[in-house]
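In: Any chance you can model this:
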Amino acid sequence: MFLKCLDIVGFKSFADKTHIDFADGITSLLGPNGCGKSNIVDSIKWVLGEQSTKTLRAGRMEDVIFNGTDKRKPLQYAEVALTIDNSERNLPTDLTEVEIKRRVFRSGESEYYINKNRCLLKNIRELFFDTGVGKSAYSILEQGKIDQILSQRPEDRRYIFEEAAGISRFKMECNEASKKIERTDENINQAESLMKVEKRSYESLKTQAEKAKSYNELVKRQLSVDVDIHYSKLKTYLALKDMRSERNKSLAAQVEALKSSLESFRVNIEEEQARMQSESQKSHSLQYAINRNEEAVNSRNDKIAFLESTYRDYINAKKEAENRAESIKSSLDRDKSELERMQAELDEKHQILEESQRQVKRANLMLSDDLKLIDDFKAKVTAEENLISENEEKIEKLGASLKEVVDSLASELDKMMGEKYSFKRRSSAEKNFNDRLDMIIRDLKEKAELQKSISSFSDKIISFENIISALQELKNDFLSYKDTIPPFIDSFLSPDGLLTKKREISEKEALLRDANVRSREKIVSFKSQIASLEVEVDNLRDTIKNMEIQLASVEAGISSFKAVKDNLERSIDEKEISFADSQSAITIANSRIEATANQLRQADSEKAELLNQIIELKKQLKELQDEINERYSALSSKEKEKNDTIDKINYLNNEIEKNELWINNTQDLIQNLYASFYNTYSRNLKEFEDRMDAELGEQVLLENELAEIKKQLQTLGPNINHMAVDEFEGAKERYEFLQKQLDDMYKSKHDLETVLAEIETRSKEMFLNTYKQISENFQVMFRRLFGGGRAEITLQDPENVLTSGIDIFAQPPGKKLISLTLLSGGERSMTAVALLFATYMVKPSPFCILDEIDAALDDKNIGFFLSVLEDFAKDSQFIIITHNKHTVMGSASLLGVTQMEAGVSTTVSYKLARIKGEAVILNENDNQVDFDSEGRRT
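Out: Below is the predicted model:
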């Protein structure tokens, strides 16, 4: 970000529209006193938001408008537009260029613009927050402001540090948050007062509404319960009535059925008597058949006795054959089991043999791999040892090169000195120079070693600056040898000089030593792994030997086991032949037994069939006799049933008459129920017919509940405010609205207090960090500008960082620590510049305007000042109002201000260049321009 151009119309002495382009680097603003140079600075401050008329050197704001001359009329407004390059997006906008404009009219009205859009002054100030740019920032430094920085109250010096720390925005946010908290407290007090009034109304209406609501609910519930009671009774009456009606229908049907059954009883009795006579004849025929079958059964018993004797003989023969076969089979099974066991054991021994062979093979492979790894690690050890030897040789060569550099340094210095000076002066200077040179070389060696542990680039820069400072002091010691030493120092410090060579040699040597350390660590690791592998190789060899012995033992066991197995197989073959013979004898016996058993089964079957026939005949005979007996009993029973039916018909007719009477009484009760409800509520019970299908509670419980409801209604009393329910809803809505607002305000206050605490904590951290950096930089910059001495910045109240004042102490070289007010004008300017540049080292302003701050500096201090200014001009844009020729010659551009017409300022731009080694001034067309001793163009 930098100033691109400035457009002025009607501001102070700039009556005409004036366009000024600003270049990078250093621009000197030139012109005689009173020509309007400072008006350019005032216009920049004014467009950035300056509101102090005193700072603008005016009585009131309208005084900045061009007031006219003898030849010109006053203008009615003043306008300044500042265009800023924002390519690096330092400002919070995506535009590459930002134009801010301010306009004031004689009526006092002011207008502000950002990129031609109307805005507020606040918007312009917020745009430049924490950038180092603004009406009160450190981007503009005037002679009067130097006195303010050094002489004003310590607490008023904070603005520079706050702007550099980037807490200006936080400070504004803190003030806004505090004001919001105060406004919130006022709103809370007002809301709480309203809440007290509204709460009394709310609680009163709440009590009345609850009473009215309870009354309405009880009345509603009373009607509901009484309806349920009436319908409960109604359902009971109707159910009983329906039940009696259905009962009469059932009784009438029974009477008709009983009358029909009397005729059937007569017919059944006659039929039963005829069946009893037929069944008595059938009983005599069954007894004859039973006697014949019992004779046939006795004949079958004799045949069965003979067959059973023959069957037992065959059974005994079979048992003898089975015993022989079982004995052979048992022995054969034992032999086969043993054979299977031996086969399994033989298979297991073969598996053990195969596994042992595989283990021996794997162990041999592992042994081969370990031996190969040992050879590889030994080769790596040899390679690393060779690398160490090579690096040691390189280090020796670098040491020799370093010695050559030092010898060359001494030789070159002696050569350049020549014979211009006496031997005594040369010897003394040489001794002094060698002492200083040795000190620098030692320092360079230390710095080269330290480079291994330095990770921050900024630390390297500081170390190198210290070396340059030491060389600068060395240069000052030899100022008397101005014809010889400067070229030597330039050569020594040049990119191809001896210092660069010395640093390169040291860095290479450090890298080689690091490489040797890493190589030795690798050698130790490789040797450790070799030792471990050699132990593993010895263990593998022992394991292989033991496995081979075990393998031979297993093979011998397998051979002897096979011989025993062959003998057992021959014995099994012989026993299987004997077993087959026994099985054949058993088969013959089984055949004979089966034939005899079939004959027995046939005889038994015939006998069983005869016995079954006898049983069946006896069963039929018994059933027939039982049936005859039952018919006698049934006949008696039917006679009795006929008489009972006649009695029952008479009883049922009496019950029908009683039910008709009860039904008529129930209908009267139902009519009374409807009349009772209407008399109580003036409503027809039929309106609630939907309750007829509902599930009602027990009537006793409902009646108890109704009594309790009537008791509660009596307790509430007659004075019920039936409007309270609606009134309470409105009061409740207002009360809850106020309560929500109050809760929101409490939450808002808490959130603001939390944000305020976070901002203060963050601001404190940022301020302390910036303060420490500026303090350190101030000491360095003070010594650089003054060529020594010391200075420091302290906080008056370290416990209250955000409000503490800041003290500045300065001690130029050769003086005691004195008050800032006792410093000379030049010392005061240099101290202020040291503070400004110390701040720039922390947070550089994109551009800086210096108004004659070099006026009090002598030539020596001007040199120091320009040296520092050139360094900072690489990153920031500087515009300097000056009358000092050295400052002018150190500038890249010149901006002249003059008054060709009395009271009206105009500008002209020039550039500085070097032609044939001499500084010349070029105009806008790059043509050389000359001036006389009084500054006029020639």
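
In: So residue 277: helix, strand or coil?
Out: Using DSSP: H, G, I helix; E, B strand; the rest coil, the structure places residue 277 in helix.

In: Please determine how far it is located from residue 631.
Out: Applying Cβ to Cβ, to the nearest Å, the value for residue 277 to residue 631 is 10 Å. C-beta coordinates here come from the backbone N, C-alpha and C atoms, glycine included.

In: Equivalent analysis for residue 240, please.
Out: Distance from residue 240 to residue 631, by Cβ to Cβ: 47 Å.

In: Check residue 814 too.
Out: Separation of residue 814 from residue 631 (Cβ to Cβ): 162 Å.

In: Just the element for the most centrally placed residue in the chain, please.
Out: Nearest to the geometric centre of the chain sits residue 758, at 22.5 Å (Cα atoms, centre = their mean). For residue 758, the host element (DSSP states H and E) is helix 724-786.

In: Going C-terminal from that helix, what's the next secondary structure element?
Out: Taking DSSP H and E, what comes next after helix 724-786 is strand 790-795.

In: and the angle from that following strand to helix 724-786?
Out: Interaxial angle, strand 790-795 versus helix 724-786 (axes from the mean of the first three to the mean of the last three Cα atoms, to 10 degrees): 170 degrees.

In: Mean confidence (pLDDT) on the following helix or strand past strand 790-795, please.
Out: Following strand 790-795 in sequence order, the next helix or strand is strand 806-811 (DSSP H and E). For strand 806-811, mean pLDDT rounds to 82.

In: ok, now stretch 686-706?
Out: 75.

In: now stretch 869-882
Out: According to the model, stretch 869-882 has a mean pLDDT of 85.

In: contacting residues around stretch 251-266?
Out: Stretch 251-266 has contacts (Cβ atoms under 8 Å, 6 or more residues apart in numbering) with 638, 641, 642, 645, 646, 648, 649, 652, 653, 655, 656, 659.

In: Just to be sure, which of these are found in helices?
Out: 638, 641, 642, 645, 646, 648, 649, 652, 653, 655, 656, 659 (DSSP state H).

In: Residue 24 and residue 2 touch, don't they?
Out: Yes: Residue 24 lies in contact with residue 2 (Cβ atoms under 8 Å); the separation is 6.7 Å.

In: Identify the contacts common to those two.
Out: Joint contacts of residue 24 and residue 2 (Cβ under 8 Å, 6+ apart) are residue 877.

In: Okay, the residue nearest to the centre of the chain and residue 703: tell me how far apart.
Out: Distance from residue 758 to residue 703, by Cβ to Cβ: 70 Å.

In: do the same with residue 257
Out: Residue 257 is 45 Å from residue 703, by Cβ to Cβ.

In: Pick out whichever of the two has more residues nearby.
Out: Set residue 257 next to residue 703 and count neighbours by other Cβ atoms under 10 Å: residue 703 wins out with 15 against 11.

In: what about the closest residue to the more buried one other than its chain neighbours, neighbour count?
Out: Distances taken as Cβ to Cβ, 6 or more residues apart in numbering put residue 229 closest to residue 703, at 6.1 Å, once the chain neighbours are dropped. For residue 229, the neighbour count with other Cβ under 10 Å is 19.

In: Surely residue 229 touches residue 705?
Out: No: using Cβ under 8 Å, residue 229 is not in contact with residue 705; the gap is 9.1 Å.

In: where do the strands sit along the stretch 301-450 of the chain?
Out: For the stretch 301-450 of the chain, no strands are identified by DSSP state E, counting those that start in this stretch.

In: is residue 112 in a bridge, and if so with what?
Out: Using DSSP bridges, the beta-bridge partners of residue 112 come out as residue 102, residue 119.

In: Report the separation between it and residue 80.
Out: Counting by Cβ to Cβ, the gap from residue 112 to residue 80 is 11 Å.

In: May I have the phi/psi pair for residue 104?
Out: When read as degrees, to the nearest 10, the backbone of residue 104 gives phi -130, psi 140.

In: Now it: closest residue in space that isn't a chain neighbour?
Out: residue 110 (4.9 Å).

In: For residue 399, state which of the contacts of stretch 251-266 is nearest.
Out: residue 659 (140.0 Å; Cβ to Cβ).

In: now that closest one: how far from residue 670?
Out: Separation of residue 659 from residue 670 (Cβ to Cβ): 17 Å.

In: So between those two, which is more surrounded?
Out: Counted by other Cβ under 10 Å, residue 659 and residue 670 do not tie: residue 659 has more neighbours, with 17 against 14.

In: Contacts only, for that one.
Out: Counting by Cβ under 8 Å, 6+ apart, residue 659 touches 244, 245, 247, 248, 251.

In: I'd like these written out as a markdown table, with secondary structure, pLDDT and distance to residue 548 added.
Out: What follows is those, written out as a markdown table (DSSP: H, G, I helix; E, B strand; the rest coil; pLDDT from 0 to 100; distance: Cβ to Cβ, whole Å):
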| residue | secondary structure | pLDDT | distance to residue 548 |
| --- | --- | --- | --- |
| 244 | helix | 83 | 113 |
| 245 | helix | 86 | 113 |
| 247 | helix | 85 | 111 |
| 248 | helix | 84 | 115 |
| 251 | helix | 85 | 114 |
